[in-house]
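[1] output the structure for:
(one chain, ligands or ions: 2)
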Amino acid sequence: MAVSSPTGSVLFGTVLFLVATGLHATTPAVGSSRDYLTRMDTGHDGRVSLAEFQAWMGYAFARMDVDGDGIVNARELPGGRGKPVSLAEHRAALEATFRRQDRDHDGFLDARELAAPPQ
Ligand SMILES: [Ca+2]
Ligand SMILES: [Ca+2]
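    Ligands and ions are numbered 1, 2, ... in the order given. Reported below is the predicted structural model:
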């Protein structure tokens, strides 16, 4: 699987970051969920583990944390406003999102679960 371009990754990661932090409600298009899964699924087993999910989203966090202080503050958020988010808070929010999306509670997100609206 080809690794996406940095630009595409940041765009995608930013969208999911916003979903994960509840700043913006976005329903991923069903047609693109397979592509999302392919990009996140670094183990190539057709599903996304919590570690893969957090690693992917952590990458987006790192890109957004321009000054590298471990906190994405309002200045660094799209639109320049919003509540500051620490990496620990971000990871906790990601885990909560992951658990909610994992409808069958098998510890992985498949394409269908990834495509589901935020729970
Ligand atoms: Ca920062
Ligand atoms: Ca699952």
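[2] how are the strands of the protein distributed by residue range?
    Remark: strands assigned in the chain by DSSP state E are 48-49, 71-72, 85-86, 108-109.
[3] not counting the second one itself, show me its contacts.
    With C-beta atoms under 8 Å, 6 or more residues apart in numbering as the contact definition, strand 71-72 has outside contacts at F61, M64, D65, P84, V85, S86, L87, H90. Any C-beta I mention is one placed from the backbone N, CA and C, and that applies to glycine too.
[4] out of these, the closest to T42 would be?
    Checking the contacts of strand 71-72 against T42 with C-beta to C-beta, the nearest one is F61 at 16.7 Å.
[5] residues in contact with that closest one?
    Contacts of F61 by C-beta under 8 Å, 6+ apart are F17, V72, V85, L87, H90.
[6] now, the most widely separated pair of those residues?
    The farthest-apart pair in these, when distances are taken by C-beta to C-beta, is F17 and L87, at 11.8 Å.
[7] the more surrounded of the two?
    Between F17 and L87, counted using other C-beta atoms under 10 Å, the more crowded position is F17 (26 against 15).
[8] how about Q54: what's its closest non-neighbour residue?
    L94 (5.2 Å; C-beta to C-beta, 6 or more residues apart in numbering).
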